[in-house]
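>>> Show me how the following folds:
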Amino acid sequence: MAYQCFHCEKPADSVHTFTVYDENGVEERLEVLCSECYAEWLESLKG
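Reported below is the predicted structural model:
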């Protein structure tokens, strides 16, 4: 089953998921990222 990356919108067979929370700590949505976008996202968290 192919998924679609939330960021680049490319199809991907292998994805990483994470939950996005609003400012009150309430679960807002589940995001799906391909491996490339996930790696970029992790790097951005390092600052």
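>>> all strands for the chain, in order.
Secondary structure of the chain (DSSP state E): strands located at 3-4, 11-12, 15-21, 27-34.
>>> now the longest one and strand 15-21, what's the angle there?
Pointing back at strand 27-34 there. 160 degrees (axes from the mean of the first three to the mean of the last three CA atoms, to 10 degrees).
>>> For strand 27-34, which strands pair with it and how are they oriented?
Here strand 27-34 is paired, per DSSP bridges, with strand 15-21 (antiparallel).
>>> Pull the residues that contact the strand it pairs with.
3, 5, 27, 28, 29, 30, 31, 32, 33, 34, 35, 38 (CB atoms under 8 Å, 6 or more residues apart in numbering). Heads up, the C-betas are built off the backbone N, CA and C, glycines and all.
>>> Tell me the one of those residues nearest residue 46?
residue 38 (13.5 Å; CB to CB).
>>> Run through the bridge partners of the closest residue to the closest one other than its chain neighbours.
Closest residue to residue 38 apart from its sequence neighbours, by CB to CB, 6 or more residues apart in numbering: residue 16 at 4.1 Å. Judged by DSSP bridges, the bridge partners of residue 16 are residue 33.
>>> confidence score at residue 16?
In this model, residue 16 is scored at 95, pLDDT.
>>> do the one 5 residues further on as well
Here the pLDDT value assigned to residue 21 is 95.
>>> Count the residues that sit near it.
10 (other CB atoms under 10 Å).
>>> Also residue 6?
17.
>>> thought it was touching residue 33?
Yes. Counting by CB atoms under 8 Å, residue 6 touches residue 33, with 6.1 Å between them.
>>> Now do the contacts for residue 8.
34, 36, 37.
>>> Turn those into a markdown table, columns for neighbour count and pLDDT.
A markdown table is the format used below for the contacts of residue 8 (neighbours: other CB atoms under 10 Å; pLDDT from 0 to 100):
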| residue | neighbour count | pLDDT |
| --- | --- | --- |
| 34 | 22 | 95 |
| 36 | 13 | 95 |
| 37 | 20 | 96 |
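>>> any chance of the residues you listed in JSON lines, plus distance to residue 21?
Listed next are those as JSON lines, based on distance: CB to CB, whole Å:
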{"residue": "34", "distance to residue 21": "22"}
{"residue": "36", "distance to residue 21": "24"}
{"residue": "37", "distance to residue 21": "19"}
